[in-house]
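Q: Sequence and predicted model, in that order:
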Amino acid sequence: MSLLYFKATNFRVYEEADLHLHPQYNLIYGDNASGKTSLLEAIGCLGRGRSFRGANTKELVKHGASDFLLFGKTSTQQKHDKLGFTNGVGGLGLSVNGDQKGGLESLARALPLQVIDPNIHSLVAGPPEERRRYLDWVVFHVEPSYLNLWRDYRRSLKQRNLLLKNNSSSNELKSWNKSLAKLGESINTLRSAVFEILEPSITQITSSLLGGEVSFLYERGWPDDFHLEQVLIKNETRDLFLKSTQAGPHRADISIAFDTRIAKKQVSRGQQKLLACAMILAAVEIVQEYTEQPLLLLLDDPAAELDSKSIKKLMKEVVSLSSQVIATSINPDKSLFPEQPNVFHVEHGVIKNIL
Ligand SMILES: Nc1ncnc2c1ncn2[C@@H]1O[C@H](COP(=O)(O)OP(=O)(O)O)[C@@H](O)[C@H]1O
Ligand SMILES: [Mg+2]
């Protein structure tokens, strides 16, 4: 899949931005605060329905406007898709080829993308939720039934937590324990199968980027050697006291160690960044293999905080994936790419294609 055309209206600094993209390499350069990240954020928003900077809708809509509007045309060997997404005072709306009922899932399938931005180290150093979301993104693309399973689990978890808040009896909790545990076990089965495929790839890319001994361990969210139902029953008193379910796949994590140090706390930010990049690139590699199409990779200022050797190694790994790449930089430094990219210059929210 390649994003060949993109247009944003009333998004952040842009009144209107419109660009024809190269199916392989694209470089957007401009001074600080010219609108580089905002443009990637807009493209990311079309594929994910939300900002990768965690911004809310009000922040995304251009000051003085009421709604933002995004539009894109993608192309694969088999088909062409037209995607639209809008949000603001008029509420959220989306469409894929005119169909407005597919939900955010339809955008995510039509424009699968990953982002590496200056905050990427938080995938390693941040809360477990980020690593769960990372793993779930791969499972979502590899296993079509996953989303419904995950939704059913969230619903059951909410119900059980409600019972815990109401100090319900063991008898009342019993039936929820059973259904929650069944869904939780299924989620874990899919996650661990995907992690098994993912892990060798992360390890291999990490060793190219960083060298050293690295270990990635999937933790499912409850102790080994026990069924989840057993754990839910055993922990009932504690769950009732804390008024929420303490064990289950909503507590899963990936523990990461680098040269026997805990990556979350004991390695440098630059190393965390490269570990996180390896995780993202491995995820892209696996999803590309399964979907048999290249994905879109958004690289926001990849040179930030990385030395020139590391950035070269990172770009070598990126290029080897054959994904479509849109990178930003403050310099028009085309040497990041092995061949001529499409180059865009951004100035105060105005984009010029300078190629
Ligand atoms: N909702 C908004 N409306 C108008 N301008 C905005 C909005 N949100 C952010 N901006 C402005 O957009 C500019 C570009 O930001 P950004 O894309 O982060 O720049 P860059 O990545 O090029 O450094 C900033 O000057 C910022 O103040
Ligand atoms: Mg920026």
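A: The structure has been received and is ready for your questions. Ligands and ions are numbered 1, 2, ... in the order given.
Q: Break down the stretch 201-350 of the chain into its helices, ranges please.
A: 228-234, 236-242, 263-266, 269-291, 308-320 (DSSP state H, counting those that start in this stretch).
Q: can I get the CA coordinates of the longest one in CSV?
A: The C-alpha atoms that make up helix 269-291 are tabulated as CSV, following Å, rounded to 0.1, in the frame of the first residue of the first chain:
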residue,chain,number,x,y,z
ARG,A,269,17.7,7.5,26.3
GLY,A,270,19.6,7.1,23.0
GLN,A,271,19.7,3.3,23.6
GLN,A,272,16.0,3.3,24.6
LYS,A,273,15.3,5.1,21.4
LEU,A,274,17.1,2.5,19.2
LEU,A,275,15.5,-0.4,21.1
ALA,A,276,12.1,1.2,20.5
CYS,A,277,13.0,1.7,16.8
ALA,A,278,13.9,-2.0,16.5
MET,A,279,10.6,-2.9,18.0
ILE,A,280,8.7,-0.7,15.5
LEU,A,281,10.6,-1.9,12.5
ALA,A,282,10.2,-5.6,13.5
ALA,A,283,6.4,-5.0,13.8
VAL,A,284,6.3,-3.4,10.4
GLU,A,285,8.3,-6.3,8.9
ILE,A,286,5.9,-8.9,10.4
VAL,A,287,2.7,-7.1,9.4
GLN,A,288,4.1,-6.5,5.8
GLU,A,289,4.8,-10.2,5.6
TYR,A,290,1.3,-11.1,6.6
THR,A,291,-0.6,-8.5,4.6
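Q: Buried residues, it. List them.
A: For helix 269-291, the neighbour count (16 or more other C-beta atoms under 10 Å) marks 271-288 as buried. Glycine gets a C-beta too; all of them are placed from N, C-alpha and C.
Q: And the strands in the stretch 101-250 of the chain?
A: 113-116, 214-219 (DSSP state E, counting those that start in this stretch).
Q: so the longest one versus helix 269-291, what angle?
A: Translated: strand 214-219. 60 degrees (axes from the mean of the first three to the mean of the last three C-alpha atoms, to 10 degrees).
Q: What are the contacting residues of strand 214-219?
A: By C-beta atoms under 8 Å, 6 or more residues apart in numbering, the surrounding residues in contact with strand 214-219 are 135, 191-192, 195, 199, 202-203, 206-207, 252-259, 275, 279.
Q: What sits closest to Glu339 if chain neighbours are left out?
A: Tyr25 (6.7 Å; C-beta to C-beta, 6 or more residues apart in numbering).
Q: Enumerate every residue touching the one you found.
A: Applying C-beta under 8 Å, 6+ apart to Tyr25 gives the contacts Val325, Ala327, Phe337, Glu339, Gln340, Pro341, Asn342.
Q: Distance of the third one relative to Thr86?
A: What that stands for is Phe337. Distance, Phe337 to Thr86, using C-beta to C-beta, to the nearest Å: 33 Å.
Q: Over to the first one?
A: Relative to Thr86, Val325 is positioned 27 Å away (criterion: C-beta to C-beta).
Q: more crowded one of these two?
A: Val325 (23 against 17; other C-beta atoms under 10 Å).
Q: rewinding a little: looking at the contacts of Tyr25, which is nearest Phe71?
A: Within those, the smallest distance to Phe71 is 18.6 Å, found for Asn342 (C-beta to C-beta).
Q: Any idea how many residues pack against that closest one?
A: By the criterion of other C-beta under 10 Å, Asn342 has 18 neighbours.
Q: Which strand or helix spans the residue lying closest to it once chain neighbours are set aside?
A: Distances taken as C-beta to C-beta, 6+ apart place His22 nearest to Asn342, at 3.7 Å, with adjacent residues excluded. His22 belongs to no helix or strand when assigned by DSSP states H and E.
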